[in-house]
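S.K.: sequence plus predicted model, see below.
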Amino acid sequence: MHPPHISPILALPLAHVGAADPSGPLWSDWRFQPSVLIGLFLLLVGYFWAIGPANRRRPGGPLPVTAGQRASFVGGIVILFVALGQPLDDWSDHYLLTAHMAQHLLLTLAAPPLLLHGLPTWLLEPLTRNRVIDRAGYWLTRPAAAFIIANTVFIAWHMPVLYDAALQNEPIHVLEHGLFFTTALLAWWPLLGPLPAWPRLQPLPQCLYLFLWTIPGGVVGAFITLADPGLYAPYDTAPRVFGIDLTTDQQIAGLIMWIASSTLYLILITITFFRYASQEEAKEREAPPAAASTGSAHG
């Protein structure tokens, strides 16, 4: 029998409700999902094969890949491993809303930008050779579309009915994480997209885009922080670990979403703006000698 608060529509095989809580060290059984390990391993092997042996066999010679790009991609894989592996996955599924919120932020704010930054332009360029994929990719990565799609997914999945369903049904949970990650790639594209055919924003519009991104996270975070304890039903009866009670757990989770995400975006705005200002100042310093040289040539 399914718990009474599960809609019949969502009555898929139970994932965590009623299952034995992890009993190993640090409240985790340390059982890594084979699909996660195999998937991340294949992704990493495929990346290094593409930029290594396959790249060296190109007729015109290998195309460039920087050490920074390699490190960035590996970093993204490591963060995915932390987010989807143990002990964080056990904590988020069985004990703490705070852990689940941290997991979501790693899937949306940390791994996607690192993976995008690690992809050289030439590696993705074949996508633009197919007309359907090219047009779809172009429109999906436009700032307005990326913003609306990613935030619709993010806000919807933090509504209690879907959030509870994800905790109670493994197929829905997998769908939730998959949508978070893929739509986050869209969301980061206007800032880090490597394909000129699907162009990123210029620096000042990037700042505006990043500022707008503080709003949805702030709204969702405030909603969770200020709501009555027990917003998400599966945590009502969860064993309390690390001395964190239900109310504190929910408030910390909301503040992580509210404050941490907004702080990240504001830091990126500051970096982007000052980098732009520095470049513009450098251009202005180079302009007077050029103007003087032109005037002397006319004289």
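M.R.: Yep, it's here. Here the structure is a predicted model, which is why all the values come from computation and not from measurement. Residues are numbered from 1 along each chain as shown.
S.K.: endpoints of stretch 157-175, how far apart?
M.R.: In stretch 157-175, first residue to last residue: 10 Å (CA to CA, to the nearest Å).
S.K.: chain center to that stretch, what's the gap?
M.R.: Remark: stretch 157-175 is offset 18 Å from the chain centroid, using CA atoms, centre = their mean, to the nearest Å.
S.K.: stretch 114-123 too?
M.R.: 15 Å.
S.K.: what comes up buried for it?
M.R.: 114-120, 122-123 (16 or more other CB atoms under 10 Å). Placement of C-beta: from N, CA and C, glycine included.
S.K.: how about Gln206: what's its closest non-neighbour residue?
M.R.: Closest residue to Gln206 apart from its sequence neighbours, by CB to CB, 6 or more residues apart in numbering: Thr272 at 5.2 Å.
S.K.: what about the one you found, which helix or strand?
M.R.: Using DSSP states H and E, Thr272 falls within helix 261-298.
S.K.: which elements pack onto that helix?
M.R.: Secondary-structure packing of helix 261-298 (3 or more CB pairs under 8 Å, 6 or more residues apart in numbering; DSSP states H and E): helix 203-226.
S.K.: returning to that earlier point: now, the most widely separated pair of the buried residues of stretch 114-123?
M.R.: Using CB to CB, the buried residues of stretch 114-123 reach their maximum pairwise distance at Leu114 and Trp122, which is 19.1 Å.
S.K.: per-residue pLDDT, Ala282?
M.R.: Ala282 carries a pLDDT value of 86.
S.K.: nope, Ala20 is what I was after
M.R.: The per-residue pLDDT reported for Ala20 equals 79.
S.K.: and what about it, helix, strand or coil?
M.R.: Of the three states, Ala20 takes coil according to DSSP: H, G, I helix; E, B strand; the rest coil.
S.K.: only alpha carbons, please: show the helix or strand hosting Thr248 as CSV.
M.R.: Using DSSP H and E, Thr248 maps to helix 246-255. The C-alpha coordinates for helix 246-255 follow below in CSV (Å, rounded to 0.1, in the frame of the first residue of the first chain):
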residue,chain,number,x,y,z
LEU,A,246,12.9,19.5,11.4
THR,A,247,12.4,23.2,11.6
THR,A,248,16.2,24.0,11.5
ASP,A,249,16.6,21.6,8.6
GLN,A,250,14.0,23.3,6.5
GLN,A,251,15.2,26.8,7.3
ILE,A,252,18.8,26.0,6.5
ALA,A,253,17.7,24.4,3.2
GLY,A,254,15.7,27.5,2.3
LEU,A,255,18.6,29.8,3.2
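S.K.: show residues contacting it.
M.R.: Identification of contacts with helix 246-255 by CB atoms under 8 Å, 6 or more residues apart in numbering yields 96-98, 100-101, 221-227, 229-232, 235-236, 240, 244.
S.K.: emit the ChimeraX select command for whichever of those residues are buried.
M.R.: In ChimeraX syntax, the buried subset of these is picked out as below (16+ other CB under 10 Å):
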select :96,97,98,100,101,221,223,224,225,231,232,235,244
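S.K.: the helix holding Thr272: which residues count as buried?
M.R.: Buried positions in helix 261-298, judged by neighbour count with 16+ other CB under 10 Å: 261-262, 264-265, 268-269, 272.
S.K.: backbone phi and psi for Asn169, please?
M.R.: phi -140, psi 120 (degrees, to the nearest 10).
S.K.: in the host helix or strand of Phe41, which residues are buried?
M.R.: Secondary structure from DSSP H and E places Phe41 in helix 34-51. Across helix 34-51, burial judged by 16+ other CB under 10 Å covers 36, 40, 44, 47, 51.
S.K.: pipe those residues into CSV and attach distance to Arg129 and pLDDT per row.
M.R.: Below are the buried residues of helix 34-51 laid out as CSV (distance: CB to CB, whole Å; pLDDT from 0 to 100):
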residue, distance to Arg129, pLDDT
Val36, 32, 94
Leu40, 28, 97
Leu44, 25, 97
Tyr47, 20, 97
Ile51, 19, 96
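S.K.: alright, I will stop here.
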